[in-house]
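Participant: Kindly return the folded structure for what I paste below:
(2 chains)
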Amino acid sequence: MLNLLTKSSALRPALRAHARCRFAAPFYTINPSRRGMASEAGSAEHDVVVIGGGPGGYVAAIKAAQEGLKTACIEKRGTLGGTCLNVGCIPSKSLLNNSQIYHQIKHDIEKRGIEVGEVKLNLKKMMQAKETSVNGLTLGIESLFKKNGVDYVKGTGTIVGEHEIKVAPIDGGKPKSLRAKNIIIATGSEATPFPGLEIDEKRIITSTGAIALTQVPKKMVVIGGGIIGLEMGSVWSRLGAEVTVVEYLGQIGGPGMDTDMAKTMQRVLAKQGMKFKLKTKVMGGDVSPDKVIVNIEGAESGKAETLDADVVLVAIGRRPYTYGLGLENIGLETDERGRIIIDQEYRTKVPHIRVIGDVTFGAMLAHKAEEEGIAAVEYIKHGHGHVNYGAIPSVMYTHPEAAWVGLTEQECKTKGLSINIGVFPFSANSRARTNLDTEGLVKFIADKETDRILGIHIVGSNAGEMIAEGVLAIEYGASAEDIGRTSHAHPTLSEAFKEAAMATYGKPIHS
Amino acid sequence: MIASRVLRARTPLIQFLGKRSIPGKERILSVCICKFKLILFYPESIDHSPRLHPQDPHPSLPTSFAEYRVRASQHGPLTGYRSASSTATRPSIQPKEGEHFDRNELPKRFWRLRISKAEMQAIEDGAAIIA
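Facilitator: Here you go, the predicted model:
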């Protein structure tokens, strides 16, 4: 009965507990002459050691250092930024952007009153531009580490004890040991292989190979019509490949995409030249010296077919990456899909070992991992953190882009929610018309009774930027009318966002 | 939203909730000993007992979470955690009316500790006289 104790006697057991306690939280010793509560400079023990330098890991490391914790980050790739910066989001966006410019100049420039001569693709230079972006950004993180005082350890980290990590340096030097009061695992994910098709990253490729092809394939088969498959498929389609997407589900974009949006995207991408085979299973493949034959079968009809391709992109999803991490050394558990099991504060069963990002539960998104990295450090330092999993946006960077946040119409129906839906097409938006870029629409889903926004779905040329307003609205618990009564600048694409909100509780003006 | 509020036509859902308050912040105690400042941060208003992660599709946490905490707490209090199992499933620890707990009934680590004169002096004067 703590409240029965006197003030001074309440203090004493706590003082003693602190002396015994190995954990940083929740008792802290602060030396006013130093920056916060970090372990003594030069000591072998860190307050926080982060394993993995991807978007979750490096953000957690910087945040921890900013909070005054003595922090190290172990990364075995040799460059920081993880899959996202090195072989994922960033290089693919470089290729998406530049291939779109190439495609637009080739197919969409004359009607704008611009005449150009012969347009030629220099794939080598396009790849160099991608490398320049990637190198600049990865080196930028290294300088952020230096600025914030994060110890960057290049090597493979293996947990050998509850507070000890053995690091095998990537340069082959002598292994060293790091001790940590807190450990954050952020080792990310890897592409899920397709059984029977051996990945060589040349002809049978994952997203990693898809950003590094040395020539445009004549024919490409994409296994999996999710975000990665559609983004990389559209890059090579724009550059001249004949791309066929094979998807097991009845819609593209994965199960998280609203069906209306998936249909719109499929129609637009088909118009751009991509082919789709939905409700189709891939049964296997044969690799010969000059072709790859992909055997497919209708998921419902059972009708067998073959597709031939120069390159096959396997994009059926990603799986948590825990290879060599040493989970078994301290008995940390994974679930049936390989995700490390954690509680609501990102703790494993060993409370000072936390896990964030792709290697545990939730969507495999860089920005979700970043949020978790911040929250995990806040739990360590302050005892509380925050991630709203209901307000994590998803974006597909094709052209037009697709972006969404919150519930889909189908999810609302499954949950038995009464909803209002408001839709506004970009074809009725003045800025989209002046841009000659009118594909797409904005769709709002709001609770019928309260008008509270439940989901926002956008297909449009700047959907990835526009969705930020929707995320904020959902985070704040806004109603559609709150958006509809907020002034949006004219003429902008964002007026379509406002008008879709107006269509949810009333009527839009321009449609 | 101000204009519509003036018109009394509607009540916007977006409202300023006031200055951010951090749970447990008001429970901070600080004491200076030598040149070190000791902060006791006890966010008691937050239940830190392990529960399912919001994105965890499974019905419950593995029993190893509770087992680890029981084992770890044998070596002293596992600070920051109220219990190994969910507090919702446990009965109240508040005494019934007319009932009083004796400190000596609690585990030894909760017993009142003897305070030396020097230690009491150190606490009361912020350790100013300790070299």
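Participant: How about the secondary structure of the nearest residue to A:Pro169 once chain neighbours are set aside?
Facilitator: Leaving aside its sequence neighbours, A:Pro169 sits nearest to A:Gly155 (CB to CB, 6 or more residues apart in numbering or on different chains; 4.3 Å). Using the backbone N, CA and C atoms, a C-beta is placed for each residue, glycine as well. Using DSSP: H, G, I helix; E, B strand; the rest coil, the structure places A:Gly155 in strand.
Participant: Distance of A:Gly155 relative to chain B?
Facilitator: 28 Å (CB to the nearest CB, to the nearest Å).
Participant: Could you double-check that that residue sits in contact with A:Gly172?
Facilitator: No. Look at A:Gly155 against A:Gly172 with CB atoms under 8 Å: they stay out of range, at 9.8 Å.
Participant: Look at the two and report which has more neighbours.
Facilitator: When neighbours are counted by other CB atoms under 10 Å in any protein chain shown, A:Gly155 and A:Gly172 differ, and A:Gly155 comes out ahead with 21 against 7.
Participant: for chain B, what spans make up the helices?
Facilitator: Secondary structure of chain B (DSSP state H): helices at B:2-7, B:63-73, B:117-124.
Participant: same question for the longest one, mean pLDDT?
Facilitator: Along helix B:63-73, the predicted confidence averages to a pLDDT of 88.
Participant: got the CA coordinates for it in PDB?
Facilitator: C-alpha atoms of helix B:63-73 as PDB (Å, rounded to 0.1, in the frame of the first residue of the first chain):
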ATOM      1  CA  THR B  63       2.200 -17.600 -21.900                       C
ATOM      2  CA  SER B  64       5.900 -17.000 -22.100                       C
ATOM      3  CA  PHE B  65       5.300 -13.200 -21.600                       C
ATOM      4  CA  ALA B  66       3.700 -13.800 -18.200                       C
ATOM      5  CA  GLU B  67       6.200 -16.600 -17.300                       C
ATOM      6  CA  TYR B  68       9.200 -14.400 -18.000                       C
ATOM      7  CA  ARG B  69       7.900 -11.600 -15.800                       C
ATOM      8  CA  VAL B  70       7.200 -14.000 -12.900                       C
ATOM      9  CA  ARG B  71      10.700 -15.400 -13.200                       C
ATOM     10  CA  ALA B  72      12.300 -12.000 -13.600                       C
ATOM     11  CA  SER B  73      10.400 -10.500 -10.600                       C
END
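Participant: Any part of that helix near chain A?
Facilitator: Yes. Counting by CB under 8 Å from any CB of the partner chain, chain A is contacted by helix B:63-73 at B:64-65, B:67-69, B:72.
Participant: Tell me the secondary structure at A:Thr264.
Facilitator: Taking three-state DSSP, the label given to A:Thr264 is helix.
Participant: neighbours of the residue nearest to it when sequence neighbours are not counted, just the number please.
Facilitator: Distances taken as CB to CB, 6+ apart put A:Val459 closest to A:Thr264, at 4.9 Å, once the chain neighbours are dropped. Per other CB under 10 Å, the neighbour tally for A:Val459 reads 30.
Participant: A:Val459 belongs to a strand?
Facilitator: Yes. Assigned with three-state DSSP, A:Val459 falls within a strand.
Participant: which regions of the chain sit below the pLDDT cut-off?
Facilitator: In the absence of a named chain, this looks at chain A. A:1-44 (pLDDT under 70).
Participant: you looked at the wrong chain, it should be chain B
Facilitator: B:1-9, B:22-45, B:75-95, B:127-131.
Participant: so what's the residue most central in space within chain A up against?
Facilitator: Centroid-nearest residue in chain A, with CA atoms, centre = their mean: A:Leu365, separated by 2.1 Å. Each residue near A:Leu365 by CB atoms under 8 Å, 6 or more residues apart in numbering or on different chains is listed here: A:392, A:394.
Participant: Phi, psi for it please.
Facilitator: Taking degrees, to the nearest 10, you get phi -130, psi 140 for the backbone angles of A:Leu365.
Participant: Then the one 3 residues further on?
Facilitator: Torsion angles at A:Lys368 (phi, psi; degrees, to the nearest 10) stand at phi -70, psi -40.
Participant: swap in A:Val405?
Facilitator: When read as degrees, to the nearest 10, the backbone of A:Val405 gives phi -150, psi 150.
Participant: Which elements pack onto the helix or strand hosting A:Gly455?
Facilitator: Element membership for A:Gly455 (DSSP states H and E) is strand A:453-460. With contacts defined as 3 or more CB pairs under 8 Å, 6 or more residues apart in numbering or on different chains; DSSP states H and E, the packing partners of strand A:453-460 are helix A:259-271, strand A:401-406, helix A:409-414, strand A:441-447, helix A:463-476, helix A:494-505.
Participant: Name every strand pairing with it and say which way it goes.
Facilitator: Applying DSSP bridges to the sheet, strand A:453-460 is found paired with strand A:401-406 (antiparallel), strand A:441-447 (antiparallel).
Participant: And it, how far out from the chain middle?
Facilitator: 18 Å (CA atoms, centre = their mean, to the nearest Å).
Participant: does the residue in the stretch 401-511 of chain A positioned nearest to chain B have beta-bridge partners, and which?
Facilitator: Nearest residue of the stretch 401-511 of chain A to chain B: A:Ser479, at 4.3 Å (CB to the nearest CB). A:Ser479 has these beta-bridge partners by DSSP bridges: A:Arg452.
Participant: Put the alpha carbons of the strand holding A:Gly455 into PDB.
Facilitator: What follows is strand A:453-460, C-alpha atoms only, in PDB (Å, rounded to 0.1, in the frame of the first residue of the first chain):
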ATOM      1  CA  ILE A 453     -14.800  10.100 -41.800                       C
ATOM      2  CA  LEU A 454     -14.000   6.400 -41.900                       C
ATOM      3  CA  GLY A 455     -12.000   6.100 -45.100                       C
ATOM      4  CA  ILE A 456     -10.600   8.200 -47.900                       C
ATOM      5  CA  HIS A 457      -9.500   6.800 -51.300                       C
ATOM      6  CA  ILE A 458      -7.900   8.700 -54.100                       C
ATOM      7  CA  VAL A 459      -6.800   7.800 -57.600                       C
ATOM      8  CA  GLY A 460      -5.100  10.800 -59.200                       C
END
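Participant: Direction-wise, compare that strand with helix A:259-271 and give the angle.
Facilitator: 10 degrees (axes from the mean of the first three to the mean of the last three CA atoms, to 10 degrees).
Participant: So which bits of strand A:453-460 are buried?
Facilitator: A:453-460 (16 or more other CB atoms under 10 Å in any protein chain shown).
Participant: Is it possible to get TSV of these that adds distance to B:Glu97?
Facilitator: Formatted as TSV, these follow (distance: CB to CB, whole Å):
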residue	distance to B:Glu97
A:Ile453	49
A:Leu454	47
A:Gly455	51
A:Ile456	53
A:His457	57
A:Ile458	60
A:Val459	64
A:Gly460	65
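Participant: which among those residues gets closest to B:Phe16?
Facilitator: Closest to B:Phe16 out of the buried residues of strand A:453-460 is A:Ile453 (18.3 Å), distances taken as CB to CB.
Participant: can you pull the contacts of that closest one?
Facilitator: Applying CB under 8 Å, 6+ apart, the residues near A:Ile453 are A:406, A:444-446, A:470, A:473-474, A:478-480, A:483, A:501.
Participant: Appreciated, that's everything.
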